[in-house]
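1. just a sequence and a predicted model for now, questions to come.
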Amino acid sequence: MQGKMNIKKLVKKDVVSLRAYSASEIPCRVKLDANESPCGFDEALKAAVLIRTNRYPDPEAKALKKLIARDFRVRPEQILQGNGSDELIYYLIATFGGPVLYPVPTFSMYGIIAQAFGEKKIAVPLDDAYDLDAAAMLTAVRRENPKLIFLASPNNPTGNCFASERILPLLEATRGIVVVDEAYQPFASDRGFLPLLKDYPNLVIMRTLSKIGLAALRLGFLIASPEIVEEVNKVRLPFNVNALSQAVAVAALQEKKKLKESIKEIVGERDRLLSAMAMIEGVTPFPSEANFILFRVFGPDRVYRALLKKGVLVRNLNDAAPGCLRVTVGSPRENTAFLSALEKIQQQQRQEQS
Ligand SMILES: *Cc1c(COP(=O)(O)O)cnc(C)c1O
């Protein structure tokens, strides 16, 4: 075959119409766009010297699973490791297929991966308080019989937890799997859904190390019944979590005190940011149980650009959540830089209008 070839004609229809997840690197002084932690675990990198580069990593990530099992009071057979929880979403959809049901706005990967597999997507809008629309979700469960329901709680980008009185009826009504994505659970005030695992054989909990200071490692895991883990494990690529990440994660997760303190500081800073943002005229922050804050402004595109001009990068969510931007809780200095930039921008706008 020579000459011009239309590659697009070869690609599956569902993939042609996808857009690649854009995680573009925009240069900035204060990076508050990706819900990363301001606190790293660079000491733990020393553990990497122990690995042998010529050997494959442990395909079962045994040391890591043992630690996680102890921390979460589950058995190692209840844990499956992923190259980030993104990969676990991929594996879950590869295992169970669709339809795939989720509320919107939410984490975009559920829809992107469902589409990549050519599975039917069912997106049900959240209610006005950004909680699950219980009636609409139940109707969708009964009508579409989804194989998978993805619920991020705390939800990204809205920051709130869904009411458990709205999640439980879904767990009971569905004949499929309910995945509660607890990427932000460490920052939340309630306990999350782990205690319910023993009561619901169709419940899967997802966790990640990405939001608590280890995003570079790409490490997520799911916790479920051994039966579910066994099935999903069949589609897992043999060495999906590399040796460097395994070794560094094991070291970092043993720094319990540092983990706890960094989370405490972020929660404190989040609450400081929330009250300060609420005082700025024209800014409406939404309550958050996560390490970020969604906020509404007039002219979000303009505010986004003005913040960037002052060196502060946030996430523009005007498409998914009209009028809204999302700021990650950073270090105290970064948060103060963000606040003073936002204050100035709003002040300037008021002057221009008067
Ligand atoms: C960031 C995020 C993830 C992705 O986690 P990785 O482990 O980095 O792949 C999963 N779910 C939600 C809701 C997130 O916001």
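-> Structure received. Residues are numbered from 1 along each chain as shown.

2. what about the strand or helix carrying Tyr90 and the ligand, touching?
-> Assigned by DSSP states H and E, Tyr90 belongs to helix 85-96. Yes. Using CB under 6 Å from any ligand atom, helix 85-96 reaches the ligand at 85-86. Using the backbone N, CA and C atoms, a C-beta is placed for each residue, glycine as well.

3. paired strands for the next helix-or-strand element following that helix, with orientation please.
-> Downstream of helix 85-96, the next assigned helix or strand under DSSP H and E is strand 100-104. Based on DSSP bridges, the pairing partners of strand 100-104 within the sheet are strand 121-125 (parallel), strand 148-152 (parallel).

4. so which of those strands is nearest the ligand?
-> strand 148-152 (3.8 Å; CB to the nearest ligand atom).

5. does the closest one come close to the ligand?
-> Yes. Counting by CB under 6 Å from any ligand atom, the ligand is contacted by strand 148-152 at Ala152.

6. just want the angle from that strand to helix 85-96.
-> When axes from the mean of the first three to the mean of the last three CA atoms, to 10 degrees is applied, the directions of strand 148-152 and helix 85-96 differ by 160 degrees.

7. which stretches in the chain count as helices?
-> Ranges of helices in the chain, per DSSP state H, are 7-10, 13-16, 62-72, 85-96, 109-116, 134-144, 164-173, 226-233, 243-253, 256-278, 300-309, 332-353.

8. return the residues of the stretch 201-350 of the chain in contact with the ligand.
-> 208, 210, 220.

9. relative to the ligand, which residue of the protein is the closest?
-> Closest residue of the chain to the ligand, CB to the nearest ligand atom: Gly84 (2.8 Å).

10. run a quick neighbour tally on the residue nearest to Gly82 when sequence neighbours are not counted.
-> In this structure, Gly82 finds its nearest non-sequential neighbour in Leu88, 3.8 Å apart by CB to CB, 6 or more residues apart in numbering. Leu88 has 25 neighbours, counted by other CB atoms under 10 Å.

11. repeat for Ala290
-> 30.

12. kindly report the same for the one 10 residues further on.
-> For Pro300, the tally of surrounding residues (other CB under 10 Å) stands at 20.

13. and for the closest residue to it other than its chain neighbours, the neighbour number?
-> In space, and not counting its chain neighbours, Pro300 is closest to Asn318: 4.5 Å by CB to CB, 6+ apart. Residues lying near Asn318 (other CB under 10 Å) number 16.
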